[in-house]
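[1] task: produce atomic coordinates for the following.
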Amino acid sequence: MTLVLAYAGTDGALVAGDHRILVARMDEEKMREVEEKLYSGEIRTEEELESFLKDLEVEGGYFEFHDDRKKVWKVNDEVVAGEVGVRSAKGVRRRRVYATPGAHAIVELEGEKVLSKNFGGPALIVEGPKVVKELVIEFVDSELGGKPDLESLRNALDDIFEYVSSNTVLVSSEYDAFEVKGRVDHLARIHLQKAIDEDIERLREYRRRLAEEMLKHIREGYDILKEGVVGEVVEVGTEEEGEGVEDVPPERRIVVRLVEDVDARHMGDVVAGPGEEIVMAVEGDPEKVEPGDTVVVKDGIMKIDGKDLPVVTGYSICRTRR
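    Below you'll find the model as predicted:
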């Protein structure tokens, strides 16, 4: 699901990409059939797709287009870039195209590992399924004489994306575009190499942060308090807010001081440690709760001990790691 168009000319560089992605879940064999029909251009409209899916008798699955993916960006003042997914025997790889005045580069990635890197001179590069490439080339040949310059290509972007999206469901009519102006200089390849290095480093940093966040959530899942004492009620009724209880009336909110081996977390981060206070809420009659009561987890349910009143919070209540 992609159209990324990159121009590296003697008068500047430009990249444009649509927003469409496919979100689907179905039998792998049937999924391949659908993709073959779409990528070959045999299925071009949503109506044709719906009819084919009905004939295919897809059960318990879904097939949706979402128009919210950003596929192109400006790396720095000299280089613009875009990315598409490329199927291989090992799954989906990423192909990135970089453009600067007078030169371009195409980089294939698996994770953050660079599999290949190819440099070239001035060019118009079209990335996407075969039918998408054919539609873009058809438009450029017929409307732009086959060899557009930066200005004519920029002015034609609305028409290009409208033309392609009206002839295949693979591409959205909405798109993003970035450009850099300037003339070719002998440092073009150096600009590209620098941009690629910067981009890959950002990708590595992003993947590192993502791994850290995933580890936080995994740890949080392991540390969730399944049985035991949470803390002591120190105040009943408060205007203070706590995660997950913002819409609860103040009279039902309670302030709880956590015991020495318990902490409260949100999105994997500790927001209150042992001995610190958090705002929770009681379900039921708050007049039955008083300072000094104990909040516990019993049989997986958090409640006021001895009063059988459920307690709710948007925090994850966890055993503290030592």
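
[2] can you name the next helix or strand after the longest helix along the chain?
    When the chain is parsed with DSSP state H, its longest helix is helix 188-223. Toward the C-terminus, helix 188-223 is succeeded by strand 228-236 as the next helix or strand (DSSP states H and E).

[3] packing partners of that next one?
    Strand 228-236 is packed against strand 253-258, strand 262-266, strand 294-298, with contacts defined by 3 or more C-beta pairs under 8 Å, 6 or more residues apart in numbering; DSSP states H and E. (Each C-beta comes from the backbone N, C-alpha and C, glycine too.)

[4] distance from the second one to the middle of the chain?
    Taking the mean of its C-alpha atoms, strand 262-266 sits 27 Å from the chain's own mean (C-alpha atoms, centre = their mean, to the nearest Å).

[5] and that strand, which strands flank it?
    Sheet pairing of strand 262-266 (DSSP bridges) gives strand 269-272 (antiparallel), strand 316-319 (antiparallel).

[6] one more: the longest one?
    Sheet pairing of strand 253-258 (DSSP bridges) gives strand 228-236 (antiparallel), strand 277-282 (antiparallel).

[7] need these in TSV with mean pLDDT, can you?
    Listed next are the strands paired with strand 253-258 as TSV, based on pLDDT from 0 to 100:
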stretch	mean pLDDT
strand 228-236	96
strand 277-282	95
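
[8] out of those, nearest to Asp159?
    strand 277-282 (55.7 Å; C-beta to C-beta).

[9] what residues does the closest one touch?
    Contact with strand 277-282 is made by 231, 234, 238, 240-242, 244-245, 248, 252-258, 264, 271-272, 289, 295, 304, 309-313, 315, as judged by C-beta atoms under 8 Å, 6 or more residues apart in numbering.

[10] check stretch 57-72 too.
    1-2, 4, 15-27, 30, 34, 49, 53, 80-84, 169, 172, 174, 176-178.

[11] again, but for stretch 286-299
    Against stretch 286-299 from outside (C-beta under 8 Å, 6+ apart): 225-237, 251-252, 254, 256, 280, 282, 302-307, 309, 311, 317.

[12] if you set the cut-off to 7 Å instead, what comes out?
    225-237, 251-252, 254, 256, 282, 302-305, 307, 309, 311 (C-beta atoms under 7 Å, 6 or more residues apart in numbering).

[13] okay, buried residues for it please.
    286, 289, 293-297 (16 or more other C-beta atoms under 10 Å).

[14] so Gln180, which state does it fall into?
    That one is not Gln; residue 180 is Val. strand (DSSP: H, G, I helix; E, B strand; the rest coil).

[15] check whether it really touches Ala13, as I assumed.
    Yes - contact criterion C-beta atoms under 7 Å: Val180 and Ala13 qualify, at 5.0 Å.

[16] that older thread, of the contacts of stretch 286-299, buried ones?
    Using 16+ other C-beta under 10 Å, the buried ones in the contacts of stretch 286-299 are 225, 229-233, 236, 252, 254, 256, 282, 302-305, 309, 311.

[17] nearest residue to Val4 other than its sequence neighbours?
    Gly82 (3.8 Å; C-beta to C-beta, 6 or more residues apart in numbering).

[18] can you tell me the SS state at the one you found?
    strand.

[19] isn't it up against Ala6?
    Yes - judged on C-beta under 7 Å, Gly82 makes contact with Ala6 at a distance of 5.9 Å.

[20] who touches both of the two?
    In contact with both Gly82 and Ala6: 15, 97, using C-beta under 7 Å, 6+ apart.

[21] the residue sitting nearest the centre point of the chain and Glu47, how far apart?
    Central residue of the chain (C-alpha atoms, centre = their mean): Arg69, 7.5 Å from the mean position. Going from Arg69 to Glu47 by C-beta to C-beta, to the nearest Å gives 24 Å.

[22] over to Gly268?
    Counting by C-beta to C-beta, the gap from Gly268 to Glu47 is 44 Å.

[23] who has more neighbours, those two?
    Gly268 (16 against 10; other C-beta atoms under 10 Å).
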